[in-house]
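Engineer: Sequence first, then the predicted structure:
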There are 2 protein chains.
Amino acid sequence: MTKKVAKAKSAGRTAKPKASAKAKAAVSKLKKKKPAVKISPLAPKTYPAMPPVAGVWLGTASTKTKYKGRDDLLVATFPEGTSAAGVFTTSKTASASVEWCRTNLENGTARGLVVNAGNANAFTGKAGMATVRATAAALASEIGSRHKDIFLSSTGVIGEVLDPAPLEAGIQTALRSPEASFEGAAHAIMTTDTYAKFATRQVMIGGVPVRISGIAKGSGMIAPDLATMLVYIFTDAAIPPSMLQNLLMVGVRESFNCITVDSDTSTSDTVLMFATGEAMRTAEAETGKPFTPLRRTADPRLKEFRSSLDDLMLDLSHQVVKDGEGATKFIKITVQNAASHMEAKQIAMSVANSPLVKTAIAGEDANWGRIVMAVGKSGARADRDKLAIRIGGVDVAKNGVAVPDYDEAPIARHMKGSDIDIEISVGVGTAGVSVWTCDLTYEYIRINADYRS
Amino acid sequence: MTKKVAKAKSAGRTAKPKASAKAKAAVSKLKKKKPAVKISPLAPKTYPAMPPVAGVWLGTASTKTKYKGRDDLLVATFPEGTSAAGVFTTSKTASASVEWCRTNLENGTARGLVVNAGNANAFTGKAGMATVRATAAALASEIGSRHKDIFLSSTGVIGEVLDPAPLEAGIQTALRSPEASFEGAAHAIMTTDTYAKFATRQVMIGGVPVRISGIAKGSGMIAPDLATMLVYIFTDAAIPPSMLQNLLMVGVRESFNCITVDSDTSTSDTVLMFATGEAMRTAEAETGKPFTPLRRTADPRLKEFRSSLDDLMLDLSHQVVKDGEGATKFIKITVQNAASHMEAKQIAMSVANSPLVKTAIAGEDANWGRIVMAVGKSGARADRDKLAIRIGGVDVAKNGVAVPDYDEAPIARHMKGSDIDIEISVGVGTAGVSVWTCDLTYEYIRINADYRS
């Protein structure tokens, strides 16, 4: 439960002391100056249709705490017997809602989820935990569940006390409104994202068709807000909690744990998964035949589900990276022949987080000397004299020296594209990993430094 | 000898395959477009006079390998009996000259130093080591010393074979030229620094006046070059090698190991120190009384020397940070009440390297929420509910929550200055540390991304 979730973007605007009328006027003036939000050039060109997931009810509402003219509260409810799994930030300053979810996951069951956007309820001391308790109690009493079956996330400003009253009212409104779509749910949890993030897959488990759908919010810190990564995955498959936890952790390791925007980690990063079991109950009712429960993740009936779940998580994680502030390039970094998986990751993340590598790519410069530097500084084992680097499939360095007279033309073309591919072989073992990041541009600085001037 | 030297800037422009006439024309066009180098706004307002250090002979020459119209080779020679000490990059892709120095330091003696600027001789395989051997042999044969008493550094382009011939010629020229000053020496080792870095102190050891002088090059990656941190410290005190090594390592820990520009580490970072002993020999000759040799670093006669050496290293390390690319703010981050010195450092460096913190400071925004985030992601122990943050001496957060109604005016004034002071108390122990960094600006991106476009 302490697995590292994400290097995704984080920790934005800090709460201010109570603003005077004058200060409020100044802020309002600033807001007018704020440029319109542009959708990331790396946003998906098409979006999938998102059918419902049996057993998952979704509702949204506007709490009017921060955002105007849009819903900023997501409520999801699940039937009895729903399994829950989760992976959270490793931050030592984790928010109250993260602590709440971590504790409740020990039961492995869920009946509801509440996510609010606009206030992270982080760094709010005892008041923060009181709000968490009140919010969970509000949904629990509405649906008649135990408090500990309610999961919560908050994203937004750090250090500002989150009043539970608007959330409680929002929960009532959401539950009394028409059911929301996954697209609507993905929109409601956005803070500074430039597009809503969602994905879905359908697979068979032992002859039963099941659906997996996920929504995410990421790191588009276009406005001065917190940009936590939040991910919620829903399935109608019947999967026991401990198995669900395993499946989630394996998938996170190769997806959300392999992305980075700027090496910063939020106090609230969360990946939660819920399995209602409705698909199996329906199949049993329709066929009259009992579904033999899944007992272990190695069950061959789960093979397709596992790979589709991994694929869905990879899809969502890439959507998060592609909404990184100022991103113009989506960069895949593959490390091979490392001493261990951990060291491969260490090297790949060292390259992915190197400001010099990221700015070079922003400038469309295939600067492999900076990659050598980033490999070296990672601290992981690498044989300098066996080091090899390929950019866009072209060898630029081999056996620790530059490839003599390599053709720059195809590399230059590759660097002009939006998808950049870097392969590094470090010559000490057999382990490998891929990680994904984006470039570091003027726009990142503008977004993160200039909004006050 | 494997102590981590520096997070200073690093690894710039990579060697290209042999350029065609057309490519050369394009490069020449680019060079014309390159903006003039501006001196960092954080550069020192005054420079100290740099008297000679007894026993240290300095010479410079132009090898014409990369830079025109300036010297790019430094040669220093020392008398028999000179002690040497050194601390180097922890990079796993360390350059050939770093390997050479590491090996030779086992003897603890030195007769000469050669530093060339323009080519790092890094990632050059066997050819790199051959050049190192040839260069050392050239100086050794000129001054009649053992090869292993010659120390070498190279800084500049990565991945381009460094021809020893111009270095050999340059060594002969330098040795036959008038003696150079420390200022001249500091200029000769510059690559993309915007100002030469040097400092000097005079102290007494057991009644004998001794001098400590140092030069450094840092991280001004204004042009597309490698920006390794190189530091050379010279003294005329008589200090045995193992003691010198201890003194150097202690000083480095609190100075060069406590600075960061952008978290990137060069393949060539080096701090070398040489002690000629001339001051003691002169004192003995003048007074006729033998100087009782120093045998341990705790010798009370060394007290003043130790603190002055530490102070000199801190001075030089700050000069390096203040020449960070695009830097407009010099930032001191102090962490207190950490569980251990290592964890204090881990937290301080996490804050110092956070792009979100650095861009906020560039925007003159006292965004302490991002500091909370960076403390949390460091991985070191911190008590969220005891966390306290002061900016410019004003408490903004205490006991894990924002200070209610703190006065923003003095903080806003502080953020507009060039020296930014951040104090963080993490409430778990008694260890503390200070580190220094600079802000992250448009100019950093321009320098590192835009020189190709």
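Structural biologist: Nice, I can see it.
Engineer: how far does the one helix or strand A:His414 maps to sit from the chain's center?
Structural biologist: In this structure, A:His414 sits in helix A:408-416 according to DSSP states H and E. Distance of helix A:408-416 from the chain centroid (CA atoms, centre = their mean, to the nearest Å) equals 31 Å.
Engineer: what is the mean pLDDT for the following helix or strand past that helix?
Structural biologist: Note on helix A:408-416: by DSSP H and E, the next helix or strand toward the C-terminus is strand A:419-425. Per-region confidence: strand A:419-425 scores 98 on mean pLDDT.
Engineer: For the stretch 101-250 of chain A, which segments count as helices?
Structural biologist: Using DSSP state H, counting those that start in this stretch, the helices found in the stretch 101-250 of chain A span residues A:125-143, A:164-176, A:182-188, A:241-254.
Engineer: likewise the stretch 351-453 of chain A?
Structural biologist: Using DSSP H, counting those that start in this stretch, helices in the stretch 351-453 of chain A cover A:355-362, A:368-377, A:408-416, A:442-449.
Engineer: from these, which stretch is densest packed?
Structural biologist: helix A:368-377 (a mean of 29; mean count of other CB atoms under 10 Å in any protein chain shown). C-beta coordinates here come from the backbone N, C-alpha and C atoms, glycine included.
Engineer: centre of the chain versus that one, how much separation?
Structural biologist: Using CA atoms, centre = their mean, the offset of helix A:368-377 from its chain centre is 28 Å.
Engineer: Kindly format the C-alpha coordinates of it as CSV.
Structural biologist: The C-alpha coordinates for helix A:368-377 follow below in CSV (Å, rounded to 0.1, in the frame of the first residue of the first chain):
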residue,chain,number,x,y,z
TRP,A,368,23.2,12.1,-27.2
GLY,A,369,26.1,13.5,-25.1
ARG,A,370,23.5,14.7,-22.6
ILE,A,371,22.0,11.2,-22.6
VAL,A,372,25.5,9.8,-21.8
MET,A,373,25.6,12.3,-18.9
ALA,A,374,22.2,11.3,-17.6
VAL,A,375,23.1,7.6,-17.7
GLY,A,376,26.2,8.3,-15.8
LYS,A,377,24.6,10.4,-13.1
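Engineer: thinking again about what came up before, would you list the helices of the stretch 351-453 of chain A in a markdown table and tack on mean pLDDT and distance to B:Ala352?
Structural biologist: Formatted as a markdown table, the helices of the stretch 351-453 of chain A follow (pLDDT from 0 to 100; distance: least, CB to CB, whole Å):
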| stretch | mean pLDDT | distance to B:Ala352 |
| --- | --- | --- |
| helix A:355-362 | 89 | 13 |
| helix A:368-377 | 88 | 15 |
| helix A:408-416 | 94 | 30 |
| helix A:442-449 | 76 | 16 |
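Engineer: want to throw these into a markdown table with distance to chain B?
Structural biologist: Below are those laid out as a markdown table (distance: least, CB to the nearest CB, whole Å):
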| stretch | distance to chain B |
| --- | --- |
| helix A:355-362 | 4 |
| helix A:368-377 | 3 |
| helix A:408-416 | 7 |
| helix A:442-449 | 3 |
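Engineer: Could you dump those into CSV and include distance to A:Ala338?
Structural biologist: Listed next are the helices of the stretch 351-453 of chain A as CSV, based on distance: least, CB to CB, whole Å:
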stretch, distance to A:Ala338
helix A:355-362, 18
helix A:368-377, 10
helix A:408-416, 24
helix A:442-449, 29
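Engineer: these two touch, right, A:Ile420 and A:Gly392?
Structural biologist: Yes: using CB atoms under 8 Å, A:Ile420 makes contact with A:Gly392 at a distance of 7.4 Å.
Engineer: okay, these two: which has more neighbours?
Structural biologist: More crowded of A:Ile420 and A:Gly392, by other CB atoms under 10 Å in any protein chain shown: A:Ile420, with 21 against 18.
Engineer: if we look at the sheet, which residues does that one bridge to?
Structural biologist: Beta-bridge partners recorded for A:Ile420 (DSSP bridges): A:Ile331.
Engineer: Can you tell me how far it is from A:Ala94?
Structural biologist: 33 Å (CB to CB, to the nearest Å).
Engineer: mind showing which ranges of the stretch 251-400 of chain A have poor pLDDT?
Structural biologist: Applying pLDDT under 70 to the stretch 251-400 of chain A flags residues A:262-266.
Engineer: how about a cut-off of 80?
Structural biologist: Applying pLDDT under 80 to the stretch 251-400 of chain A flags residues A:260-268.
Engineer: For it, what lies in contact range of chain B?
Structural biologist: A:262-267, A:353-356, A:359-360, A:362-370, A:372-382, A:384-385, A:387, A:397, A:399-400 (CB under 8 Å from any CB of the partner chain).
Engineer: let's go with 7 Å and repeat that
Structural biologist: A:262-267, A:354-356, A:359-360, A:362-365, A:367-370, A:372-377, A:379, A:381-382, A:384-385, A:387, A:397, A:399-400 (CB under 7 Å from any CB of the partner chain).
Engineer: Looks to me like A:Ile333 is in a helix.
Structural biologist: No: assignment of A:Ile333 by DSSP: H, G, I helix; E, B strand; the rest coil gives strand, placing it outside any helix.
Engineer: ok, how many other residues are close to it?
Structural biologist: 25.
Engineer: Double-check it against A:Asn353; I have them as touching.
Structural biologist: No: the criterion here is CB atoms under 7 Å, and A:Ile333 misses it with A:Asn353 at 10.2 Å.
Engineer: Can you list the residue ranges for strands in the stretch 151-300 of chain A?
Structural biologist: A:197-205, A:208-217, A:230-235, A:259-260, A:270-275 (DSSP state E, counting those that start in this stretch).
Engineer: what angle sits between the helix holding A:His414 and helix A:355-362?
Structural biologist: With axes from the mean of the first three to the mean of the last three CA atoms, to 10 degrees defining the directions, helix A:408-416 sits at 100 degrees from helix A:355-362.
Engineer: With only the CA atoms kept, save helix A:408-416 in CSV.
Structural biologist: Taking Å, rounded to 0.1, in the frame of the first residue of the first chain, the C-alpha atoms of helix A:408-416 are listed here in CSV:
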residue,chain,number,x,y,z
GLU,A,408,22.1,12.7,-39.4
ALA,A,409,19.2,13.1,-41.8
PRO,A,410,16.8,10.4,-40.6
ILE,A,411,17.5,11.4,-37.0
ALA,A,412,16.8,15.1,-37.7
ARG,A,413,13.5,14.0,-39.3
HIS,A,414,12.7,11.9,-36.3
MET,A,415,13.4,14.8,-33.9
LYS,A,416,10.9,17.0,-35.8
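Engineer: Residues contacting it, please?
Structural biologist: A:364-366, A:391-392, A:394, A:396, A:420, B:17 (CB atoms under 7 Å, 6 or more residues apart in numbering or on different chains).
Engineer: Counting neighbours, which of those end up buried?
Structural biologist: A:364-366, A:391-392, A:394, A:396, A:420 (16 or more other CB atoms under 10 Å in any protein chain shown).
Engineer: With mean neighbour count and distance to B:Pro404 as added columns, please give the helices of the stretch 101-250 of chain A in TSV.
Structural biologist: TSV is the format used below for the helices of the stretch 101-250 of chain A (neighbours: other CB atoms under 10 Å in any protein chain shown; distance: least, CB to CB, whole Å):
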stretch	mean neighbour count	distance to B:Pro404
helix A:125-143	19	12
helix A:164-176	19	19
helix A:182-188	23	31
helix A:241-254	20	38
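Engineer: helices or strands next to the top strand by length along chain A in the packing?
Structural biologist: Secondary structure assigned by DSSP state E gives strand A:73-88 as the longest strand of chain A. Under the contact definition 3 or more CB pairs under 7 Å, 6 or more residues apart in numbering or on different chains; DSSP states H and E, strand A:73-88 sits against strand A:57-61, helix A:96-104, strand A:109-119, helix A:164-176, helix A:182-188, helix A:241-254, strand A:270-275.
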